[in-house]
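[1] pasting the sequence and the predicted model now:
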Amino acid sequence: MNPEDGNGLSLASRTERVSRSPIREMFDLAHEYRDQDLVHMEIGEPDFDTPDHIIDAAVEATQNGATHYTSSTGISELRNAIADDLDYEYDPDSEIIVTAGAVEALALACITVADPSDEVIVPTPAWPNYQIQGIMTDANVVNVPLCEEEGFALDTELLVDQMSDETAAILLTSPSNPTGQILDPSATAEIVEAAAEHDAYVIADEVYKDIVYDQQFQSVASNTAHPEHVITVGSCSKTYSMTGWRVGWFAANERVADAALEFHESIVTCAPAPSQQAAVEALTGDQEPIQSMLSAFDDRREYVVNRVEDLPGISCPEPDGAFYAFLDCSELGVESTTIARELLEEHGVVVVPGVGFGDTLDEYIRISFANSLDRLELGFDRIEEYVELNGSV
């Protein structure tokens with residue numbers, strides 16, 4: 001444990017290795033300016049409400065008694081629906097666990113496969129929570145910066161060279177948060193092959209798999225000769241605008257799933273029963289509202305790409321999926337935390353500093369275009385004003 005602080009209280013030493021997500025920090029900081037007309041471009045949350053038919057299904061189920069514990073693995077109807085939704089054939093009876101959101105599934109993955117002092121490899125830019133999830137197990141999180149000039153494409157040689165017998169897991173996200181990039185299936189197959197050689201696992205975070213635009217998504221597990229070395233994580237949160245319902249899934253080989261279930265039972269017991277019923281309707285019910293949301297995201301993506309192109313000295317990789325853009329602001333010559341604070345305090349726009357997605361990314365900011373076109377237009381007008389005022393170095 002850590003030495004006692006001034007209050008005579010000791011904490012686990014791992015607490016010194018963690019810090020809050022910059023996404024949540026900006027969200028909380030923006031709350032201090034809540035009396036202003038802020039444009040929120042920091043949180044990865046669809047601005048749409050959960051479709052009515054999903055809410056109705058949860059209400060009906062709750063009125064009919066779905067207010068009790070379920071099986072820790074989740075109700076069979078939902079596990080079957082998840083299995084049908086995935087493009088790799090997982091057994092719903094033995095290889096799928098319904099979790100309290102994808103965040104829990106990711107934490108379960110790290111807890112299940114990584115021992116203290118093992119390595120968890122994270123190619124960056126990457127969602128900040130991966131760092132803490134690795135640290136929770138006392139593993140060593142190894143960040144591997146990808147090449148900016150290559151648009152942060154997955155560098156298989158770089159990642160394979162980083163693997164060793166100490167490697168427990170490699171975290172891959174597709175589509176990416178923060179870039180929106182869809183990983184090349186041939187590259188992910190090489191990563192899984194190398195992981196299998198080191199008796200390691202690829203943790204595939206695929207929560208944005210249904211929010212893709214100009215190309216087809218292919219899961220990591222469906223494109224490898226070693227699917228037993230892949231843990232697939234998914235969620236209803238983004239696709240179905242169900243962030244507050246907290247339903248996700250952990251899908252893996254039966255041996256891995258059995259081990260993860262023991263931790264899951266001790267952490268949350270089971271995902272909320274009403275939310276599981278809602279998720280069944282989301283996955284099996286009317287998909288037209290979801291297609292409408294996807295169409296809106298695509299329109300917003302096009303708008304964002306065009307506005308970024310018009311900003312002097314600012315650029316970003318074109319997102320293939322999700323609803324983020326990762327803006328290169330290096331010509332401003334200002335640290336990303338400063339840019340984010342000045343945009344908030346002086347221009348009323350909330351963004352996320354790039355340094356939160358990797359130590360080498362302090363010249364970037366992430367924006368979310370999960371907001372209406374009207375609000376995005378106002379936000380970019382304000383960002384353009386900021387860029388014009390600060391000029392280039």
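    Happy to help now that I have it.
[2] mind listing the helices for the stretch 101-250 of the chain?
    Using DSSP state H, counting those that start in this stretch, the helices of the stretch 101-250 of the chain run over 101-113, 129-135, 156-162, 185-197.
[3] avg pLDDT for the first one?
    Spelled out, it's helix 101-113. Taken as a whole, helix 101-113 has a mean pLDDT of 98.
[4] quick one: closest of the helices of the stretch 101-250 of the chain to residue 226.
    The minimum distance between residue 226 and the helices of the stretch 101-250 of the chain falls on helix 185-197, with 4.1 Å, by Cβ to Cβ. Where you see a C-beta, it was placed from the backbone N, CA and C, and this is true even at glycine.
[5] in CSV: the helices of the stretch 101-250 of the chain, plus mean neighbour count and distance to residue 46.
    Output for the helices of the stretch 101-250 of the chain, formatted as CSV (neighbours: other Cβ atoms under 10 Å; distance: least, Cβ to Cβ, whole Å):
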stretch, mean neighbour count, distance to residue 46
helix 101-113, 24, 15
helix 129-135, 22, 19
helix 156-162, 15, 31
helix 185-197, 19, 26
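[6] can you check which of those helices gets nearest to residue 273?
    Taking Cβ to Cβ, helix 101-113 is the member of these nearest to residue 273, at 15.1 Å.
[7] contacts for the closest one?
    Here helix 101-113 makes contact (Cβ atoms under 8 Å, 6 or more residues apart in numbering) with 97, 99, 120, 129-130, 133-134, 136-137, 139, 168-169, 200-201, 203, 205, 207, 231, 233-235, 237, 246-250, 252, 256, 259-260, 263-264, 267-268.
[8] from these, list the buried ones, please.
    Buried members of the contacts of helix 101-113, scored by 16 or more other Cβ atoms under 10 Å, are 97, 99, 120, 129-130, 133-134, 137, 139, 168-169, 200-201, 203, 205, 207, 231, 233-235, 237, 246-250, 252, 256, 259-260, 264, 268.
[9] from those residues, which land in strands?
    Judged by DSSP state E, strands contain the following of the buried ones among the contacts of helix 101-113: 97, 99, 120, 168-169, 201, 203, 205, 231, 233-235, 248-250.
[10] domains in this structure, as residue ranges please.
    For the chain, the structural domains run 13-49+288-390, 52-284, going by automatic domain parsing.
[11] what mean pLDDT does the shortest one have?
    The predicted model assigns domain 13-49+288-390 a mean pLDDT of 93.
[12] how long is that domain end to end?
    Terminal residues of domain 13-49+288-390 lie 42 Å apart, using Cα to Cα, to the nearest Å.
[13] gap between that domain and the chain center?
    Relative to its chain's centre, domain 13-49+288-390 lies at 15 Å (Cα atoms, centre = their mean, to the nearest Å).
[14] and if you look at the last one?
    A distance of 9 Å separates the centroid of the chain from that of domain 52-284, by Cα atoms, centre = their mean.
[15] now for the ones in strands among the buried ones among the contacts of helix 101-113: which two are most distant?
    Greatest spacing in those, by Cβ to Cβ: 168 and 235 (22.9 Å).
[16] list the buried residues in the helix ranked longest in the chain.
    Criterion DSSP state H: the longest helix present in the chain is helix 288-310. In terms of neighbour count (16+ other Cβ under 10 Å), helix 288-310 has its buried residues at 289, 290, 293, 294, 296, 297, 298, 300, 301, 304, 307, 308.
[17] contacts only, for the last one.
    Residue 308 makes contact with 314, 315, 316, 325, 327, according to Cβ under 8 Å, 6+ apart.
[18] and the buried ones among these, selectable in PyMOL?
    A single PyMOL command selects the buried members of those (16+ other Cβ under 10 Å):
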select buried, resi 314+316+325+327
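[19] of the contacts of residue 308, closest to residue 361?
    The closest of these to residue 361 turns out to be residue 327 (Cβ to Cβ; 10.9 Å).
[20] now, which of the contacts of residue 308 lie within strands?
    Using DSSP E, the subset of the contacts of residue 308 located in strands is 325, 327.
[21] re earlier: could I get the CA-only coordinates of the longest helix of the chain as PDB?
    Only the C-alpha atoms of helix 288-310 are listed here, as PDB (Å, rounded to 0.1, in the frame of the first residue of the first chain):
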ATOM      1  CA  GLU A 288     -35.300   1.500 -39.600                       C
ATOM      2  CA  PRO A 289     -34.600   4.100 -36.800                       C
ATOM      3  CA  ILE A 290     -31.100   2.800 -36.600                       C
ATOM      4  CA  GLN A 291     -30.500   3.200 -40.300                       C
ATOM      5  CA  SER A 292     -31.900   6.800 -40.000                       C
ATOM      6  CA  MET A 293     -29.300   7.500 -37.300                       C
ATOM      7  CA  LEU A 294     -26.500   6.100 -39.400                       C
ATOM      8  CA  SER A 295     -27.600   8.200 -42.300                       C
ATOM      9  CA  ALA A 296     -27.500  11.300 -40.100                       C
ATOM     10  CA  PHE A 297     -24.000  10.400 -38.800                       C
ATOM     11  CA  ASP A 298     -22.800  10.100 -42.400                       C
ATOM     12  CA  ASP A 299     -24.200  13.500 -43.300                       C
ATOM     13  CA  ARG A 300     -22.500  15.000 -40.300                       C
ATOM     14  CA  ARG A 301     -19.200  13.200 -41.200                       C
ATOM     15  CA  GLU A 302     -19.300  14.800 -44.600                       C
ATOM     16  CA  TYR A 303     -19.900  18.200 -43.100                       C
ATOM     17  CA  VAL A 304     -17.100  17.800 -40.600                       C
ATOM     18  CA  VAL A 305     -14.600  16.700 -43.200                       C
ATOM     19  CA  ASN A 306     -15.400  19.600 -45.400                       C
ATOM     20  CA  ARG A 307     -15.200  22.100 -42.500                       C
ATOM     21  CA  VAL A 308     -11.800  20.700 -41.400                       C
ATOM     22  CA  GLU A 309     -10.500  21.000 -45.000                       C
ATOM     23  CA  ASP A 310     -11.400  24.700 -44.900                       C
END
